[in-house]
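Q: fold the following, please.
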Amino acid sequence: MTQLVLDNNRIGQVGAKLLADGIRDNETMTDLRIANCQIAEEGAITIAAVLHNKKNLLVLDVTSNKIMAKGCIDICKAIQHHTTLREIHMSNNFIGPDGAR
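A: I've put the predicted structure just below:
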């Protein structure tokens, strides 16, 4: 699987955990879109934990998920060495100045 689009589904934090478990070993994913899925802070942290091995990821969309500073920081740390990533969508979250550092 190279693309997963779950936009506008209320998977929440529990769904984010199940999603993370499901994509953990997928090394071919290029596009992960989970905008407006209500994953919140804990869901973002869970997703971030599996992003480190997504070296082929081109697009990550976590728009409108009520992600706060820690979730943003964890995602950014997980993808900081990705050389293929071209788009990151994180608008309409609650990242604040701490998450923007």
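Q: where along this protein do the strands fall?
A: Remark: strands assigned in the chain by DSSP state E are 3-5, 31-33, 59-61, 87-89.
Q: so which of those strands comes closest to Ala44?
A: Ala44 sits nearest to strand 59-61 of all these, at 11.0 Å, using Cβ to Cβ. In short, each C-beta sits where N, CA and C put it, glycine included.
Q: quick one, helices of this structure?
A: For the chain, the helices defined by DSSP state H cover 12-23, 40-51, 69-79, 96-99.
Q: tell me which of those helices sits most buried.
A: Greatest average neighbour count among these goes to helix 40-51 (a mean of 21), per mean count of other Cβ atoms under 10 Å.
Q: ok now that one, how far from the chain's centre?
A: 6 Å (Cα atoms, centre = their mean, to the nearest Å).
Q: so which residues make contact with that helix?
A: For helix 40-51, contacts defined as Cβ atoms under 8 Å, 6 or more residues apart in numbering pick out 11-13, 15-17, 19-20, 23-24, 34, 37, 39, 57, 60, 62, 65-68, 70-72, 74-75, 77-79.
Q: do the same with stretch 67-79
A: Outside stretch 67-79, the residues that touch it by Cβ under 8 Å, 6+ apart are 39-45, 47-49, 51-52, 54, 57, 60, 62, 85, 88, 90, 93-96, 98-101.
Q: what residue of the protein is the furthest out?
A: Of all residues in the chain, Pro97 has its C-alpha farthest from the mean position, at 19.2 Å, by Cα atoms, centre = their mean.
Q: quick one: residues contacting Leu57.
A: Met29, Thr30, Asp31, Leu32, Leu51, Ile79, His82, Thr84, Leu85.
Q: save those residues as TSV, and put in distance to Gln3 and pLDDT too.
A: TSV is the format used below for the contacts of Leu57 (distance: Cβ to Cβ, whole Å; pLDDT from 0 to 100):
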residue	distance to Gln3	pLDDT
Met29	7	95
Thr30	6	97
Asp31	4	98
Leu32	8	98
Leu51	16	95
Ile79	17	94
His82	17	90
Thr84	14	92
Leu85	15	95
